[in-house]
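Asker: pasting the sequence and the predicted model now:
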Amino acid sequence: MTSTVNSGSGSGKDSYFSEIKKSELGLIKNNLATAINERNADKIKEILQRIIYYMTIGMDVSVLFPDVIMVASSNDIIIKKLVYLYIVHYSKSNPDLLLLVVNTLRRDCIDRNPIIRGLALRSLCSLDSKNTLEYATIEINRSLTDFSGYVRKTALLGLAKLYHLSKEAFDLDIIIPKIFDMIMDQDPQVIVNAVSTLNEIRPGWSFTFDLVQHLMVKFKEFNEWSQCIILECLSRYTPSSEEESLDILNLLDDRLSHSNSALALSTIKIFLKYTDEFEEIQEQVYERIKEPLITLMENSESNETSFTILHHIHLLMSRSPKLFNRYYKHFYCKFDDPMYIKTLKVQVLKEIASNQTFIESIDEILQELSEYVYEGDHSLCRQSINAITVIAQKHKNTQEKYPIDDSVLEKIFLPYLSVASNLMGNESNNNNNNSINDPYQFSSSISINEGILSFILVSLKDFLRVFPKHLKTVLPYINENLIGFGNISNYTLPPSANESVLWMLGESPKSQPNSPYIIEEFFNEKFDQQPTFVKTQLLTTSLKVFFDRPGEMLPIIKKILIKCSDLSQDPGLHEISLFYSRTILLLDIDKAASIINSSKQNSSINTFLEDEINEYRDKIFDEFNTISVLFGKHSTKFIKNKQQIENEKQQFLENQKNYLLSITDGRQNNNQNNQNNQNNNNQNNNINNNNNNNNHGKQLLKEIESSPNNLIDTFILDQQPELSPELFQSLWLSLEDGHKIDIQLDSPIDNSEIESVMSKQGIMCLAFGSVDQQTKLYYYARQNLSFDTDFNSSEQQNEQPIFIIEILIDEKTLLMSILFKSPILKTLHNKFIPKFLSILSIPIPKIFNQ
């Protein structure tokens, strides 16, 4: 048989297959018939292998089905396997052939050869059709009592398959006792398959003492993976006494040193589970399992297996933090370790050093971690620097015994900060001018780049939060080497590093004489390019420096506050700047400083996020030796059954329904809420009146409020306005149209989304509905006069500061029409409409592009 292979394009492959169909299928059919007549087993195998090959690459060779089925009567095992593979594949897609297949397979299920019986039974159960379920069930029941262990173990697996296909076809009251009886079988493979089938049919089934005793007697006859299955089931068993627990553990002790990592971890899970209530014994268990785990981690042929073992070691450290303290050198990174293993080893070293009591060991770990900074990979560099910082923080309470913070600062942070000046071309200037401020002399051979320096600065901020006493030592390096005059524009630091530097300046304003001017230059040259969190830190730092040096900072902080309150800035930054200007700066300077600097007054840090993570890791301890350990999550966080998904859907729909009902029926607010709001407004007015003596604050507030870019935000709405439907209707009919806007929507918008953003700003929905394919929404708002200094004229005071809005949305054309009405048209046009559109741009982002 020869065929021309076209190795060209995809069309060439199609022609190749079509040529095979036309030229070879007929030839294969004739050759197969000839081989059957000649009873040539070797030739039949060769032809069947060719047919399976074509079937595997996607060709349709179903036309050969009648010819192949004739070969099923052969006694050759290999021919049987090939025929079963072929007929099972095509029977699933062609129900008409099922009857032929079923009769053939049922005939082989009573063959004298147990291997053929087992193969036929497995193929019969693999058809996955309810049409053959009745026949397969009959053969399963017969095979469960077969004298051959191979047939019995195959029947058990077939039973599990058929049960998932149709649970109603089986009477569990009859099937379950049969499976339990087969667990007491003498064939080890039958026992394991019976346990596996029972796990599928009845998950979480319970053990009896006799059953456990039987499994322990037969345990060493099982192969490695069968032992894993048995151990996983035994982890659900609770021994009745300490003596029983110890008897089981003694039988399993040699499995701890097994080379199969799955078996070793399964055994460790049993040891931890059975000794959970015996603290002294469990401590001995920890000592027993640590060396096998380290051996598995280091000698595993697969990096993935080492990674899995390392994760379990990391989990064990949440229960016994000092378990691997003496073995820390085994967790040093090797040059050929993949990055995911190096990262996890750094985490393990961090926890070991955090719980270490020997200063020599801590110094060695710190030195090892500092070497990883030069590895070249930024991820490992960041992890190492962070680990060094955490180790120092965790030893805060042991400074008298061994001052880790001094060592970390002098050997890790300061060398990098010192050498950083070489990158800026200022080495000679620093050597001449900073000799007084530089008490340490470091080797210039240290290599550093901007990425490493940025990680150093970010971690240094966390370090100084716990050890603020070192600020005066660090700030000379930070300011003179990184953001001194003329250098800020020549060196590019990432935003996170800029934020860290600004934070340090704010924590100790008096340590740097040029702090106000450094802040001013940063503002002038870098402000517009920075993300919001850096701008926010600049604003906070400016205030902190202002409280210490108000005369120098007043003109600078004016510019910063006015810039931050510009409407073009991020809304969060915008609101913070307004809060500072309207509230903080109207207070006495000392009171304002006590508020802004409250973090310094309560700077003691006693808890760490890592401690909470350890508690969370402890919760997944019950799922030891599962994928939950690798994910770091309990299985309920990433595995959901169909019922849970349906319940969540129903709950979501119910919540949506309740929300819609609440915003439709709950429009009217009670008088008590309105009275509380009025009292709060009066209280705010009293506070403002009592703080008029702060000349700097008043002057600054006046300048900010008079900024043209801040027009909208001097206009405040009541957060809980009241307006009855009758008054709304009366105003709507009596007022003239104030302004109308048309907006073309790209897609339909959810009314509840508009309602949500509007209500947060004090614009309430009175009613909404849909009539004649047109959605109508009616909103109202009331101005809070407590903050408006322009509402003074008698003409304005005679009018109610109320705004009413009608929104019409054509459901066909998606055209949104907004009509505004108000007794005070000037305020409506100048203040309310811009604010309304600004809020509406949240659910409709393209509103200002039209």
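Answerer: It's in.

Asker: for the rest of this, base every contact and every neighbour count on C-alpha atoms.
Answerer: Noted.

Asker: from the chain's centre, how far out does the helix or strand where E521 lies sit?
Answerer: The secondary structure element spanning E521 is helix 515-526 (assigned by DSSP states H and E). The offset between the C-alpha centroid of helix 515-526 and the centroid of the whole chain comes to 38 Å, using Cα atoms, centre = their mean, to the nearest Å.

Asker: so the next helix or strand along the chain from it versus helix 515-526, what angle?
Answerer: For helix 515-526, the succeeding helix or strand toward the C-terminus, using DSSP H and E, is helix 532-548. Between the axis of helix 532-548 and that of helix 515-526 there is an angle of 150 degrees, by axes from the mean of the first three to the mean of the last three Cα atoms, to 10 degrees.

Asker: check contacts around the residue lying closest to Y237 once chain neighbours are set aside.
Answerer: Ranked by Cα to Cα, 6 or more residues apart in numbering and with sequence neighbours excluded, the top spatial neighbour of Y237 is F207, at 6.1 Å. For F207, the residues meeting the contact criterion (Cα atoms under 8 Å, 6 or more residues apart in numbering) are 234, 236-237.

Asker: quick check on those residues: which are buried?
Answerer: A residue is treated as buried here by neighbour count (16 or more other Cα atoms under 10 Å); on that basis the buried members of the contacts of F207 are 234, 237.

Asker: would JSON lines of the contacts of F207 with distance to E525 and secondary structure be doable?
Answerer: Conversion of those to JSON lines gives the following (distance: Cα to Cα, whole Å; DSSP: H, G, I helix; E, B strand; the rest coil):
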{"residue": "L234", "distance to E525": "68", "secondary structure": "helix"}
{"residue": "R236", "distance to E525": "65", "secondary structure": "coil"}
{"residue": "Y237", "distance to E525": "69", "secondary structure": "coil"}
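
Asker: how about the contacts made by V285?
Answerer: Taking Cα under 8 Å, 6+ apart, we find V285 in contact with 271-272.

Asker: what's the burial count for S594?
Answerer: With neighbours defined by other Cα atoms under 10 Å, the count for S594 comes to 15.

Asker: look up phi and psi at it.
Answerer: Main-chain torsions, S594, degrees, to the nearest 10: phi -70, psi -30.

Asker: next one: the one 3 residues further on
Answerer: For N597, the backbone dihedrals are phi -90, psi 20 (criterion: degrees, to the nearest 10).

Asker: that one and F533, how far apart?
Answerer: For N597, the distance to F533 under the criterion Cα to Cα, to the nearest Å works out to 18 Å.

Asker: contact partners for S407?
Answerer: Residues touching S407, when contacts are defined by Cα under 8 Å, 6+ apart, are absent altogether.

Asker: cool, S257 as well?
Answerer: Contacts for S257 were tallied using Cα under 8 Å, 6+ apart; they are 264, 292.

Asker: which residues sit in contact with the closest residue in space to I176 that isn't next to it in sequence?
Answerer: Leaving out its chain neighbours, the residue that sits closest to I176 by Cα to Cα, 6+ apart is L198, at 7.6 Å. Each residue near L198 by Cα under 8 Å, 6+ apart is listed here: 176, 179, 205.

Asker: and these, which are buried?
Answerer: Neighbour counting over those (16+ other Cα under 10 Å) leaves 176, 179 as the buried ones.

Asker: of the contacts of L198, closest to L127?
Answerer: Within the contacts of L198, the smallest distance to L127 is 22.9 Å, found for I179 (Cα to Cα).

Asker: contact partners of the helix or strand where the closest one lies?
Answerer: Per DSSP H and E: I179 is located in helix 172-183. Counting contacts by Cα under 8 Å, 6+ apart, the residues outside helix 172-183 that touch it are 190-192, 194-195, 197-198, 211.

Asker: what's the most distant pair in those residues?
Answerer: Between any two of the contacts of helix 172-183, the greatest separation by Cα to Cα is 15.8 Å, found for T197 and L211.

Asker: and these two? Which one has more around it.
Answerer: Applying other Cα under 10 Å to T197 and L211 shows that T197 carries more neighbours, namely 22 against 14.

Asker: that older thread, now the contacts of F207 as a markdown table including pLDDT and distance to D76?
Answerer: Formatted as a markdown table, these follow (pLDDT from 0 to 100; distance: Cα to Cα, whole Å):
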| residue | pLDDT | distance to D76 |
| --- | --- | --- |
| L234 | 90 | 41 |
| R236 | 88 | 44 |
| Y237 | 90 | 45 |
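
Asker: for the contacts of F207, which one is nearest E507?
Answerer: Nearest to E507 among those: R236, at 55.2 Å, using Cα to Cα.

Asker: and that closest one, its phi and psi?
Answerer: Taking degrees, to the nearest 10, you get phi -90, psi -10 for the backbone angles of R236.

Asker: OK, contacts around it?
Answerer: 204, 206-207.

Asker: export the contacts of L198 as a markdown table, with columns for pLDDT and distance to N625.
Answerer: Rendered in a markdown table, the data for the contacts of L198 read as follows (pLDDT from 0 to 100; distance: Cα to Cα, whole Å):
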| residue | pLDDT | distance to N625 |
| --- | --- | --- |
| I176 | 90 | 28 |
| I179 | 91 | 27 |
| W205 | 86 | 20 |
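
Asker: show me which of the contacts of L198 is closest to S568.
Answerer: Of these, the one sitting nearest to S568 (Cα to Cα) turns out to be W205, at 63.8 Å.

Asker: and the closest one, that's in a strand?
Answerer: No. Counting by DSSP: H, G, I helix; E, B strand; the rest coil, one finds W205 to be coil, located in no strand.

Asker: quickly note the distance from it to M182.
Answerer: 15 Å.

Asker: how about D253?
Answerer: In this structure, D253 and M182 are separated by 27 Å, where distance is defined by Cα to Cα.

Asker: likewise H378?
Answerer: Here H378 is placed at a distance of 57 Å from M182 (Cα to Cα).

Asker: out of these two, which sits in the busier spot?
Answerer: Shown here are H378 and M182; by other Cα under 10 Å, M182 has more neighbours (22 against 15).

Asker: and the more buried one, how far from V190?
Answerer: Distance of M182 to V190, computed by Cα to Cα: 7 Å.

Asker: buried residues in the helix holding I179, which are they?
Answerer: Buried residues in helix 172-183, defined by neighbour count with 16+ other Cα under 10 Å: 176, 179, 182-183.

Asker: tell me the helix or strand right after it.
Answerer: Sequence-wise, the next helix or strand beyond helix 172-183 is helix 188-201, with elements assigned using DSSP H and E.

Asker: continuing past that following helix, what's the next helix or strand?
Answerer: Sequence order places helix 209-218 as the next helix or strand after helix 188-201, per DSSP H and E.

Asker: and that next one, how far from the chain's centre?
Answerer: On Cα atoms, centre = their mean, the centre of helix 209-218 falls 43 Å from that of its chain.

Asker: what does it rub up against?
Answerer: Counting contacts by Cα under 8 Å, 6+ apart, the residues touching helix 209-218 from outside are 183-184, 188, 230, 234, 248, 251.

Asker: and these, which is closest to L586?
Answerer: Of all the contacts of helix 209-218, L234 has the smallest distance to L586: 69.8 Å, by Cα to Cα.

Asker: that closest one and I270 touch, don't they?
Answerer: Yes. Taking Cα atoms under 8 Å as the definition, L234 is a contact partner of I270 at 7.4 Å.

Asker: what residues of stretch 100-111 count as buried?
Answerer: For stretch 100-111, burial by neighbour count (16+ other Cα under 10 Å) applies to 101-102, 104-106, 108-110.
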